[in-house]
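*Asks:* Below is the sequence, then the predicted model.
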Number of protein chains: 2
Amino acid sequence: MSLVPREVMDAVQRARRVVLFAHVYPDGDVLGSQLGLGLALRAGGRTVTFACAHPVPDPFHFLPGAADVQQWKAGRNGFDLVVALDCPDPGRLGGLLEGARGPDAQVLNIDHHGDNRRYGDVNWVDTRAAATGEMVHDLIEAAGLPLTADVAVNLYTAIVTDTGSFRYSNTTSKTFRVAARLVEAGVDPAHVATTVYETRQLGGLRLLGQVLQGVETDADGTIAWLVIDRALASSPDLPEAEEFVNYPRSVRTAKVAVLFRELPDAVKVSLRAKGEVDVARIAARLGGGGHPNAAGLILPGSLADAKAVVLGAVREALAARR
Amino acid sequence: MSLVPREVMDAVQRARRVVLFAHVYPDGDVLGSQLGLGLALRAGGRTVTFACAHPVPDPFHFLPGAADVQQWKAGRNGFDLVVALDCPDPGRLGGLLEGARGPDAQVLNIDHHGDNRRYGDVNWVDTRAAATGEMVHDLIEAAGLPLTADVAVNLYTAIVTDTGSFRYSNTTSKTFRVAARLVEAGVDPAHVATTVYETRQLGGLRLLGQVLQGVETDADGTIAWLVIDRALASSPDLPEAEEFVNYPRSVRTAKVAVLFRELPDAVKVSLRAKGEVDVARIAARLGGGGHPNAAGLILPGSLADAKAVVLGAVREALAARR
């Protein structure tokens, strides 16, 4: 608990009108952190506003407070504290930060990404935290804000989604202790898991089957990848595709797994490693970012180009390691 | 810690020559519990023997002590303590118990299944425990046995596999506190998850794709099932099929999920529920057993017969609930 910097606690305790921002394409960690901290602040008597440039995706509508997240095209002022969560690069806030900065507004940047650009007036970056939600838990405890059941469900979802249900290398004993505390505060772990992970349609499951039949590896099996081409990507049956990268990852010999998802004029690429290669560095070189074992990027151009560039970069990184 | 019955601690503390039994078709919980308790007893100076009627499956060869598990066709004597773990029915020990019982051998039955038949001289059944491995952790702590890293990896694997990586409804705050303790004792959670879950072959992943294309539900989507027919089941590419039941389970509308796996003269059936139907009762009526949300059975006869019988029984249970 003592790890929360004094200036972070001060910023939160002094604030009266707070806006909390999620990054574009919001995921479980950013939404859970944003809503968890915001609901705790609201329960602690503050006026709280939630904003994001993109809508809350379907699987996260169940999060307490999700319906309160406003979709903004630009920032607004009138707040004395602006909190950016889980966002290493202010550009990923989709323009919200610029409009919200001002002489009376302190910007608090809370994140667990190593490549965070420290763009806040107060910056709290802890790469040992499994999720930004884990940091928010500590902040709530340290600042004496109420850890209600609604707050806890948000923070638990943040942790579950960013650790792949406690499977990734960011999971620590601390992560489990926070999870225990959140369950004691009212979280039903099976309900969160079911809601987050068991949301498939029958057609989506059949489509997953179809996608899986196209899984490939390089000659020695160290890189495994999966492609969701435009035809599949545009199917209304396509389930949440983000987690598909876990299938090539599950190949025993794979050191790096890649998911290529074809967008209209670009390709979304998800990278996963198992500790031997730093995929955040590969992603950063190609304009993306993330963690050493989980990163992503979006490449303009064709699927064939994206495959050549990304698989080439991964091969280089694997060769450099040897 | 205080929940461990006095007579269980006494039995363990008095014992000098201990044999620990796993049930047939051993899984992560029984092996992790058996090896975890056995290695702790060995580190505490006892002479320890491990036995099972069936071999240790491939994905569990990494467990410390796994190479020490002897494959016996019948029980043997010469032990002063016989421990049966995670085994509700002595018949599932494959004849080991009968041969090991004797005037000088106390039988200790440690299990978390509600349908446990209390066949031991000392019986410790706790249905609130997520896994038998969680109970063994408490026993080791209470009895003051060494919680070495090797012991911890076994108990952690027991918990991870029986909770579906902390996703099932048996997961409690206690489960997370025990997990935290085991990580502090030396477990690398990502390494266990990778070893247990990320062991697929490329061919196996393609085969999973093929199986998934055959997923079905009943008209209103409340029962979802998957079939692995004899041709697929006999493929050397087939990955560990037990977890396949999680795919029909992941259908949003499904209240009950079923996996039918065709064996040479029988069908292995895995049942999963999401809290609304007690599948252990369905399984018990058909000669199997398990937990309210996770149960299984083996039905002699054809796949068509098994589907008719099991889906009929599930439909009845769903109708009774309304």
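*Replies:* Received the coordinates, thanks.
*Asks:* Domain-wise, how is chain A divided?
*Replies:* A:6-197, A:203-321 (automatic domain parsing).
*Asks:* With respect to residue B:275, which of those domains lies nearest?
*Replies:* domain A:6-197 (7.5 Å; C-beta to C-beta). For every residue, glycine as well, the C-beta is placed using N, CA and C.
*Asks:* quick revisit: so which of the domains of chain A is the most packed in?
*Replies:* domain A:6-197 (a mean of 21; mean count of other C-beta atoms under 10 Å in any protein chain shown).
*Asks:* tell me how far that domain is from the chain's mean position?
*Replies:* Here domain A:6-197 is found 10 Å from its chain centre; the criterion is C-alpha atoms, centre = their mean, to the nearest Å.
*Asks:* So stretch A:157-177, near chain B or not?
*Replies:* Yes: using C-beta under 8 Å from any C-beta of the partner chain, we find that stretch A:157-177 touches chain B at A:160, A:164-169, A:171-174, A:176-177.
*Asks:* and the end-to-end length of that stretch?
*Replies:* One end of stretch A:157-177 sits 15 Å from the other (C-alpha to C-alpha, to the nearest Å).
*Asks:* mind listing the strands in the stretch 151-300 of chain A by residue range?
*Replies:* Using DSSP state E, counting those that start in this stretch, the strands found in the stretch 151-300 of chain A span residues A:216-217, A:223-228, A:256-262, A:266-273, A:289-291, A:294-300.
*Asks:* and the ones you listed, which one is worst for confidence?
*Replies:* Lowest mean pLDDT of these: strand A:289-291, a mean of 88.
*Asks:* Contacts for it next, please.
*Replies:* With C-beta atoms under 8 Å, 6 or more residues apart in numbering or on different chains as the contact definition, strand A:289-291 has outside contacts at A:88-89, A:113-115, A:170, A:271, A:279-280, A:283, A:295-297.
*Asks:* Tell me which residues touch residue A:303, please.
*Replies:* Residue A:303 is in contact with A:227, A:229, A:230, A:260, A:262, A:267, counting by C-beta under 8 Å, 6+ apart.
*Asks:* let's see 10 Å
*Replies:* By C-beta atoms under 10 Å, 6 or more residues apart in numbering or on different chains, the contact set of residue A:303 is A:227, A:228, A:229, A:230, A:260, A:261, A:262, A:263, A:266, A:267.
*Asks:* thinking residue A:71 is in contact with residue A:53, fair?
*Replies:* Yes: with contact defined as C-beta atoms under 10 Å, residue A:71 reaches residue A:53; the gap is 7.1 Å.
*Asks:* list residues touching both of the two?
*Replies:* By C-beta under 10 Å, 6+ apart, residue A:71 and residue A:53 have these common neighbours: residue A:94.
*Asks:* Could you list the low-pLDDT ranges of chain A?
*Replies:* A:1-2, A:236-241, A:322 (pLDDT under 70).
*Asks:* which residue ranges form the helices in chain A?
*Replies:* In chain A, the helices defined using DSSP state H lie at A:6-14, A:28-43, A:96-100, A:132-143, A:149-162, A:173-184, A:189-197, A:202-212, A:230-233, A:246-249, A:279-285, A:303-321.
*Asks:* what's the closest of those helices to residue B:106?
*Replies:* Nearest to residue B:106 among the helices of chain A is helix A:173-184; the distance by C-beta to C-beta comes to 34.5 Å.
*Asks:* which ones are touching residue A:271?
*Replies:* Going by C-beta under 10 Å, 6+ apart, residue A:271 touches A:225, A:245, A:249, A:256-259, A:277-280, A:282-283, A:286, A:288, A:290-291, A:293-297, A:310, A:313-314.
*Asks:* Export the helices of chain A as JSON lines, with columns for distance to residue B:96.
*Replies:* Shown next, in JSON lines, are the helices of chain A (distance: least, C-beta to C-beta, whole Å):
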{"stretch": "helix A:6-14", "distance to residue B:96": "58"}
{"stretch": "helix A:28-43", "distance to residue B:96": "46"}
{"stretch": "helix A:96-100", "distance to residue B:96": "65"}
{"stretch": "helix A:132-143", "distance to residue B:96": "45"}
{"stretch": "helix A:149-162", "distance to residue B:96": "39"}
{"stretch": "helix A:173-184", "distance to residue B:96": "35"}
{"stretch": "helix A:189-197", "distance to residue B:96": "34"}
{"stretch": "helix A:202-212", "distance to residue B:96": "40"}
{"stretch": "helix A:230-233", "distance to residue B:96": "51"}
{"stretch": "helix A:246-249", "distance to residue B:96": "38"}
{"stretch": "helix A:279-285", "distance to residue B:96": "48"}
{"stretch": "helix A:303-321", "distance to residue B:96": "47"}
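*Asks:* Name the nearest of the residues of stretch A:157-177 next to chain B relative to residue B:235.
*Replies:* Closest approach between the residues of stretch A:157-177 next to chain B and residue B:235, by C-beta to C-beta: residue A:167, at 26.8 Å.
*Asks:* who are the neighbours in contact with the closest one?
*Replies:* By C-beta under 10 Å, 6+ apart, the contact set of residue A:167 is A:246, A:249, B:160, B:165-166, B:189-190, B:192-194, B:196-198.
*Asks:* Chain B: which of the contacts of strand A:289-291 is nearest?
*Replies:* Closest approach to chain B among the contacts of strand A:289-291 (C-beta to the nearest C-beta): residue A:170, at 8.0 Å.
*Asks:* Give me the nearest residue to the closest one, chain neighbours excluded.
*Replies:* residue A:130 (4.1 Å; C-beta to C-beta, 6 or more residues apart in numbering or on different chains).
*Asks:* Just read off the phi/psi values of the one you found.
*Replies:* Residue A:130 adopts backbone torsions of phi -60, psi -30, taken as degrees, to the nearest 10.
*Asks:* That one against residue A:165, yeah?
*Replies:* No: Residue A:130 is beyond contact range of residue A:165, at 11.5 Å (criterion: C-beta under 10 Å).
*Asks:* any common contacting residues for those two?
*Replies:* Shared contacts of residue A:130 and residue A:165 (C-beta under 10 Å, 6+ apart): A:159, A:171.
*Asks:* what about residue A:287, distance to residue A:299?
*Replies:* Residue A:287 is 8 Å from residue A:299, where distance means C-beta to C-beta, to the nearest Å.
*Asks:* Kindly report the same for residue A:45.
*Replies:* Residue A:45 is 46 Å from residue A:299, by C-beta to C-beta.
*Asks:* Equivalent analysis for residue A:36, please.
*Replies:* Taken as C-beta to C-beta, the span from residue A:36 to residue A:299 is 33 Å.
*Asks:* Most remote residue from the middle of chain A, which is it?
*Replies:* residue A:219 (32.0 Å; C-alpha atoms, centre = their mean).
*Asks:* Nothing else from me, thank you.
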